[in-house]
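J.: structure, please.
(2 chains)
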Amino acid sequence: MIELDSITFGYQPALPIFENFSWQVRRAEAWAVIGPSGCGKSTLLSLIAGLLRPQHGRILVEGQPLNRPRPQTGLIIQDYGLLPWATVRENARLGLRVRNFYGPDGVHAPADYQRTLDVEPWLDRLGLLPFAGQYPTELSGGQRQRTAIARTLALNPDILLMDEPFSSLDAPTREGLQRLTLELWQENRLTLILVTHAIEEAALLGQKILLLNQPPNRTAQIIENPLNLQPGYRESDEYRSLCRHLRERLEAG
Amino acid sequence: MKRRDLLLASAGLLLIWQVIAMLVNQPILPPPGRVLVTLWEETRHGNLSGHFLASLWRVVASTLLAVLTAAPAGLALGQFKRLNAVFSPIIYILYPIPKVVFVPVVLLFLGIGELSKIVVIYLILFFQILVLVRDQAAGLHPELIRSVRSLGAGRLALFRFVFLPASIPGILTALRQSVGTAVAVLYIAELFATQRGLGYYIYLNGNTLFNYPAMYAGVIAMSILGLGLYFTVDGLERLLCPWQVKNRSTSG
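T.: Numbering: from 1, shown residues only, chains lettered A, B, ... in the order given. Got it, this is the predicted structure:
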């Protein structure tokens, strides 16, 4: 479903972050991408989101070359990206407003898009109805990130990209949102790619883990993590040994 | 501000005026009652309303002109760092200059017509709006723009849903701060070579006709103009930027 076909990308041509790099993600998989700062994790998401383009090679999504942001791909970032002047409900509607603005043109909105501003089911699902009339500054970090998730899911994406979505949240909020992310991933048959610098988060959320190192990244290092959905995984030995393994690989660089 | 408090304050000021007028007891300070009657008479039968409308038109025209030019320029400077690097030293030098000193210069260049008066007020508002909108646009996080783009927004939608709403509070704050100065400078500008406007009316009645009640009526009309503009900006802010009003009231 997502295919990176020997891509090369660097902000400066002399210092490529990805060089001849290939990677495939199949439909409805949950991936975690982990690596040290500056390894290109966020760049990878921007490339898949169509916000950046590789200098060489190509990216295919659903068999189509990716030349611009694709309306069915949702991106969630660390600092929420909410409009400070809009309420929770209006922020959740933003993506729909953008789509209504362009109409179903197949570029900014899917060609079969039906105009709507209905975000109530998502506000309900994410527990935001009591705060729907409040502004982002009046919310906790967890509520803000839920708003950003509601805004993205209201667009019915098939790919959900998350860029360090929980790193500015406290531990209990983070765990709650990690669980919620897995639930939403399963409920909506999403293809999930989550970028994180936290080893534990990668181990909890990624059925497969892509390990990046200091650039240039030439090969995709993949670690399978098939047990992550089992109840009690957080307390299991497999989880702990995976975390240890990831830490060693990251430290080895 | 509560409406009742405003009425009480107005009544208090009129009372103080009445007391001082009684103490001074000279034609140069008529009591408020007489001035209000003159205000009514001059509005009904004289041409005070004509002067009022002339002044109002000058402020409104220059405000619209300033918003339409300064807001896009501010957005551009706020979003393009290189552009700002070129212009910011120039703005830094020009911004603090009291624009009222340009009144004679503008009159020399643009003549004594309507345009010169509008341009003088325009200069004051332009810089204020430019600087505030620029700072507001520069405060828009690149991550916010990245996330809105990821929702499918192209240039047009970014403008409509991010840049336009982001610039409105800057514009209104600028207007709130500079509407008083604008009216003051309007007064100065209307002293020069015109026969329309409240500045001319006040000066004519005070210094040429020695009709003091009419002069004070003009002062009140000018105050109403200033206050009315201020209240309009206030109302627009309530209407267009409820989050801003909310933030202000919670942060003190």
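J.: show me the contacts for whichever residue of the stretch 101-250 of chain B sits closest to chain A.
T.: For the stretch 101-250 of chain B and chain A, the shortest gap (Cβ to the nearest Cβ) falls at B:Ser147, measuring 2.8 Å. To be clear about C-beta, it is placed using only N, CA and C from the backbone, and glycine gets the same treatment. Applying Cβ atoms under 8 Å, 6 or more residues apart in numbering or on different chains to B:Ser147 gives the contacts A:75-77, A:80-81, A:148.
J.: what about residue 33, neighbour count?
T.: Using chain A here. 28 (other Cβ atoms under 10 Å in any protein chain shown).
J.: was after chain B, sorry
T.: 12.
J.: just confirm the residue of the stretch 101-250 of chain B closest to chain A is within a helix.
T.: Yes. Assessed by DSSP: H, G, I helix; E, B strand; the rest coil, B:Ser147 belongs to a helix.
J.: what pLDDT does it get?
T.: B:Ser147 carries a pLDDT score of 83 in this model.
J.: what about it, distance to A:Gly35?
T.: 22 Å (Cβ to Cβ, to the nearest Å).
J.: quick one: mean pLDDT over stretch A:134-154.
T.: Mean predicted lDDT for stretch A:134-154 stands at 90.
J.: name the residues of it that are buried.
T.: Using 16 or more other Cβ atoms under 10 Å in any protein chain shown as the test for burial, stretch A:134-154 gives A:134-136, A:138-139, A:141-154.
J.: tell me how far A:Leu75 lies from chain B.
T.: 4 Å (Cβ to the nearest Cβ, to the nearest Å).
J.: hang on, that residue is in a strand, isn't it?
T.: Yes. With three-state DSSP as the criterion, A:Leu75 is assigned to a strand.
J.: need the contact list for it.
T.: Contacts of A:Leu75 by Cβ under 8 Å, 6+ apart are A:45, A:49, A:51, A:152, A:161-163, B:146-147, B:150.
J.: again, only using 6 Å
T.: A:49, A:161, B:150 (Cβ atoms under 6 Å, 6 or more residues apart in numbering or on different chains).
J.: next: A:Ala111.
T.: Counted by Cβ under 6 Å, 6+ apart, A:Ala111 has contacts A:Pro104.
J.: surely A:Gln24 is in a strand?
T.: Yes. Assessed with three-state DSSP, A:Gln24 lies in a strand.
J.: so what's it up against?
T.: A:Glu3.
J.: okay, now residue 14: neighbour count?
T.: As the question left the chain open, I've gone with chain A. With other Cβ under 10 Å as criterion, A:Ala14 counts 5.
J.: that was the other one, I meant chain B.
T.: 15.
J.: my read: it touches B:Pro32, true?
T.: Yes. The pair B:Leu14 / B:Pro32 is scored as a contact, 4.8 Å apart, by Cβ atoms under 6 Å.
J.: if we can go back for a sec, now render the contacts of B:Ser147 as TSV, adding distance to A:Val195.
T.: TSV is the format used below for the contacts of B:Ser147 (distance: Cβ to Cβ, whole Å):
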residue	distance to A:Val195
A:Leu75	10
A:Ile76	10
A:Ile77	10
A:Tyr80	15
A:Gly81	15
A:Ala148	15
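J.: farthest pair within those residues?
T.: A:Leu75 and A:Tyr80 (11.8 Å; Cβ to Cβ).
J.: what sits against the closest residue to A:Tyr11 other than its chain neighbours?
T.: Counting by Cβ to Cβ, 6 or more residues apart in numbering or on different chains, A:Ile17 is the residue found nearest to A:Tyr11 once chain neighbours are left out, at 7.4 Å. A:Ile17 makes contacts with A:9-10, A:40, A:43, A:215, as judged by Cβ under 6 Å, 6+ apart.
J.: ok, so of the residues you listed, who is nearest chain B?
T.: A:Thr43 (12.0 Å).
J.: in which helix or strand would I find A:Thr8?
T.: strand A:2-9 (DSSP states H and E).
J.: buried ones in that strand?
T.: In strand A:2-9, counting by 16+ other Cβ under 10 Å, buried: A:2-5, A:7-9.
J.: and it, which strands flank it?
T.: Sheet partners assigned to strand A:2-9 using DSSP bridges are listed as strand A:18-25 (antiparallel), strand A:56-61 (antiparallel).
J.: what about it, distance to the chain center?
T.: 18 Å (Cα atoms, centre = their mean, to the nearest Å).
J.: same deal with stretch B:117-134?
T.: With Cα atoms, centre = their mean, you get 10 Å for stretch B:117-134.
J.: next: stretch A:140-159.
T.: 11 Å.
J.: could you dump that stretch to PDB, C-alpha only?
T.: The C-alpha coordinates for stretch A:140-159 follow below in PDB (Å, rounded to 0.1, in the frame of the first residue of the first chain):
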ATOM      1  CA  SER A 140      -4.900  20.000  28.800                       C
ATOM      2  CA  GLY A 141      -2.300  18.500  26.400                       C
ATOM      3  CA  GLY A 142      -4.200  15.200  26.200                       C
ATOM      4  CA  GLN A 143      -7.400  16.900  25.300                       C
ATOM      5  CA  ARG A 144      -5.600  19.000  22.600                       C
ATOM      6  CA  GLN A 145      -4.100  15.900  21.100                       C
ATOM      7  CA  ARG A 146      -7.500  14.200  21.100                       C
ATOM      8  CA  THR A 147      -8.900  17.200  19.300                       C
ATOM      9  CA  ALA A 148      -6.200  16.800  16.600                       C
ATOM     10  CA  ILE A 149      -7.000  13.100  16.300                       C
ATOM     11  CA  ALA A 150     -10.700  13.800  16.000                       C
ATOM     12  CA  ARG A 151      -9.900  16.400  13.300                       C
ATOM     13  CA  THR A 152      -7.900  13.900  11.300                       C
ATOM     14  CA  LEU A 153     -10.200  10.900  11.700                       C
ATOM     15  CA  ALA A 154     -13.200  13.000  10.700                       C
ATOM     16  CA  LEU A 155     -11.700  12.900   7.200                       C
ATOM     17  CA  ASN A 156     -11.900   9.100   7.200                       C
ATOM     18  CA  PRO A 157      -8.300   8.500   6.400                       C
ATOM     19  CA  ASP A 158      -6.900   5.100   5.400                       C
ATOM     20  CA  ILE A 159      -3.400   6.000   6.400                       C
END
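J.: which element is the nearest residue to B:Pro30 once chain neighbours are set aside on?
T.: Excluding the flanking residues, the one nearest B:Pro30 by Cβ to Cβ, 6+ apart is B:Pro213, at 4.8 Å. Here B:Pro213 sits within helix B:212-240, counting by DSSP H and E.
J.: now do the helices in chain A.
T.: A:41-49, A:88-102, A:120-125, A:141-153, A:171-187, A:199-205, A:237-252 (DSSP state H).
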